[in-house]
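> fold the following, please.
(2 chains)
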Amino acid sequence: MALYSDKVMDHFQHPRNVGKMENADGIGEVGNAKCGDIMRMYIKVDKDTQVITDVKFNTFGCGSAIATSSMATELIKGKPITEALQLSNKAVVEALDGLPAHKIHCSVLAEEAVRAAVRDYYDKNGISYGDELKACEGHCETCGHDA
Amino acid sequence: MNVYADNAATTAASDTALAAMLPCFQEIYGNPSSLHTPGQRAGEKLEAARELFAHHLHADPRGITFTSGGSEADNQALRSAAALGAQKGKKHILSTKFEHHAILHTLQALEKEGFEVTLLDIPADGVVTAEQVREAIRPDTCLVSVMFANNEIGTIQPVSEIGAVCRAAGVLFHTDAVQAAGHLPIDVEAMQIDMLSISAHKFHGPKGVGVLYAKRGIPLVNVIYGGAQERGKRAGTENIPGICGAAAAFDEACVNMERNAAYLTPLRDKLITGLTQIPHSILNGDAKRRLPGNVNICFEGIEGESLLLLLDEKGIAASSGSACTSGSLDPSHVLLALGRPHEVAHGSLRLSLSEYNRPEEIDYILETVPGIVSYLRDMSPVWDELERGQKPHLI
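Sure thing, here's the model as predicted:
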C-alpha cells in the first residue's frame, strides 16, 4: 500500500521493542480505545545516571500508531531522561520519512506516551517536575501540537 | 496466494463486460445524438442496453436513466422526490441510519434546504422492518428511502414489504440497490419500488456507470444540466462503452444469479463459522438474511487498519469500518447504528466475495486471519486489560 513510507511499513511490520515489561520504572498510557488508538509505554531507568536503559510498548491502533510507537522507543532508548523529554512528534514523523496528514495525531500520541512514562517514573520516585510535563488531557481535536 | 475479498468495494470487470465495451471505442464510436449512421449505431447500442436493464428489473425502458454511478443515481432520486414533495407541501423524508453516504449526505443537504429527515434506528440483526417504516410515515412524508442490502454488513431489507407500506400510504419509495443489483432478484413492479439506484462496478461491470430507475410519472430533477441526453434529465454525451459493459455485466449477473448465490452462500457460511470461532469475535448482521458474499466480523481488542495492512502483506485484500480506514475519527456509522460500541467497531473486518473467488482462497483466509488477530492482540494494551479482567469483555 502506498499510504505509508517504507520506513513506516518497516516499523509496522517489524515493530522494535514491542511487548510488556516486568518491573518497569515508569509506565505511561495515552489515547482512548473509543477513538481507536491506545499506546502504553514502559521505561526502565538507571537511577544513578537517569538514563533510559530499556523501553517497551504495547499499542492498540492503526499501522501508523504502531510504527510511531516503535520509532519513539528507538529514539529514546539509551538516552538520558532529559533528552527523551525533548522528543517531539515532528522528530518521530521525520524519522519515519513522513506520515499522511490525517495520521499526524499518532505521532503526537507517541510523544505523549513517552512523557506519560517519564511522569510516572518521576511520581514513583518523588521527583518534582514542572507544568510543562503535566498530563495531556486528550482533547485531540483542539490540541495545539504541530500537525 | 493473492485473494481479492473486497468485492463490495468494487469488482473486476468480466470478460463479457469487456467484450461488450471494446467495440465501442474504435468501431461504434459515434455520438448517439448525431443524425448520421455512426451516431445512430451508437444510439442503437444505448437503447439495447436500456432495454436489457429494464428487462431484468421488470421495468419500462423509459424509466431507465444512465448516470455516472450509484452516487449520482442516489442524489438524483432523492432530489427528484424532494422536489415533487415540495410542490405538494410535503417536506418530510424517511430513511435509515445505515444508508450509504450518497444518501445520508444528500439528505443532510436537503435538510439545509428546509426538508425534515427522519432516520430509522437499526435493529440488532441489521434488518429494518416494514412496521418501523409504517409507524414513521407522516402525512407530510414525500419519500421513503431504504437500501436494498447494506454495503457493509450485507443485510437484506424487506423491500417488498416496505414497498407495500409506502404504496398504501401514497408515499414514493426509493431503494439504493447498489449492493443488491445483479446479486438478488429485483422486480420493481412486484416489489412496488418507485425509484432504484444501481452501480455497474459492483457486479463485474465498469466503474463510472450507474442506473437510476424511476417509475413513469415521476419527473426527474437534473443534477447535471446541459444537452438533451437521457430525455433531458441527465446531460452529457452518453458513456456508450461503459453503458454497454454495464448492461452486458448485468445480464450475465442476472442470468447466473441463482448459480452464483448457490456457489457463494456455503463459502460465506464457512468463513463466518470459521472466523467466529476466534474468541471474542462477533458477526455483524443477521447470519442468513445477508448477501451471498458478505462477511463482516468484529474482533475485540484490535484495530481494523492494522489488521488490513497485515492481511494485505499476506496477499488478502479486505476492508474495515475502523476510523482509520473511514478517514474520520469515528468508526463505521453502520456498525455504530447496529449498536456496536466504538471500541468494538474499530476492530471490524469485511470480506466480500464474488463468484471469482475459489474455495481454496476461503481456506487460505481461514488459515491466515486467526494468527494476525492473535498477533495484534498480543501487542494491544486493550486486549491486555480485557484478559486480565481489568475491563469486561464487550463481545
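
> around chain A, pick out the residues from chain B.
When proximity is defined as C-beta under 8 Å from any C-beta of the partner chain, chain B approaches chain A at B:301-306, B:309-310, B:312-313, B:322-324, B:327, B:329, B:331, B:341-343, B:346, B:379-384. (Each C-beta comes from the backbone N, C-alpha and C, glycine too.)

> quick one: buried ones out of those residues?
Listed as buried from those are B:301-306, B:309-310, B:322-324, B:331, B:341-343, B:346, B:379-384; burial here means 16 or more other C-beta atoms under 10 Å in any protein chain shown.

> which ones among those residues map onto helices?
Among these, DSSP state H puts B:304-306, B:309-310, B:323-324, B:342-343, B:379, B:381-384 in helices.

> nearest to B:A83 among those residues?
Minimum distance to B:A83 across those is 35.5 Å, recorded for B:A323 (C-beta to C-beta).

> surely that closest one touches A:N32?
No. Assessed by C-beta atoms under 8 Å, B:A323 is found out of contact with A:N32, at 11.2 Å.

> contacts only, for the residue most central in space within chain A.
Geometric centre of chain A, nearest residue: A:A110, 2.9 Å, by C-alpha atoms, centre = their mean. By C-beta atoms under 8 Å, 6 or more residues apart in numbering or on different chains, the residues touching A:A110 are A:39, A:68-69, A:71-72, A:89, A:92.

> the same query, at a cut-off of 7 Å, please.
A:A110 sits next to A:39, A:68-69, A:72, A:89, A:92 when contact means C-beta atoms under 7 Å, 6 or more residues apart in numbering or on different chains.

> out of those, which are inside strands?
A:M39 (DSSP state E).

> filter the contacts of A:A110 down to the buried ones.
Neighbour-count burial (16+ other C-beta under 10 Å) is assigned, among the contacts of A:A110, to A:39, A:68-69, A:72, A:89, A:92.

> which one of the residues you listed is nearest to A:K56?
Set against A:K56, the nearest of these by C-beta to C-beta is A:S69 (9.9 Å).

> is the closest one in contact with A:N58, as I believe?
No. Contact criterion C-beta atoms under 7 Å: A:S69 and A:N58 do not qualify, at 8.3 Å.

> could you report the neighbour count for the nearest residue to B:T37 once chain neighbours are set aside?
Using C-beta to C-beta, 6 or more residues apart in numbering or on different chains and skipping the chain neighbours, the partner closest in space to B:T37 is B:G30 (7.7 Å). When neighbours are counted by other C-beta atoms under 10 Å in any protein chain shown, B:G30 registers 19.

> three-state assignment of B:G30?
Here B:G30 is recorded as coil under DSSP: H, G, I helix; E, B strand; the rest coil.

> show me the shaky parts of the chain.
All of this is about chain A. Low-confidence segments of chain A (pLDDT under 70): A:1, A:135-147.

> that's the wrong chain, I wanted chain B
B:325-329.

> so which residue is dead centre in it?
Nearest residue to the geometric centre of chain B (C-alpha atoms, centre = their mean): B:Q179, 3.2 Å.

> helix, strand or coil for that one?
Note that with three-state DSSP, the state of B:Q179 is coil.

> could I get the contacting residues of it?
By C-beta under 7 Å, 6+ apart, the contact set of B:Q179 is B:8, B:148-151, B:202, B:291.

> would a markdown table of these with neighbour count be doable?
What follows is these, written out as a markdown table (neighbours: other C-beta atoms under 10 Å in any protein chain shown):
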| residue | neighbour count |
| --- | --- |
| B:A8 | 26 |
| B:F148 | 24 |
| B:A149 | 26 |
| B:N150 | 31 |
| B:N151 | 23 |
| B:K202 | 28 |
| B:L291 | 27 |
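
> let's verify the residue of the stretch 51-200 of chain B found nearest chain A: helix, strand, or coil?
Closest residue of the stretch 51-200 of chain B to chain A, C-beta to the nearest C-beta: B:E152 (16.8 Å). Recorded secondary structure, B:E152: coil (three-state DSSP).

> no more questions from me, cheers.
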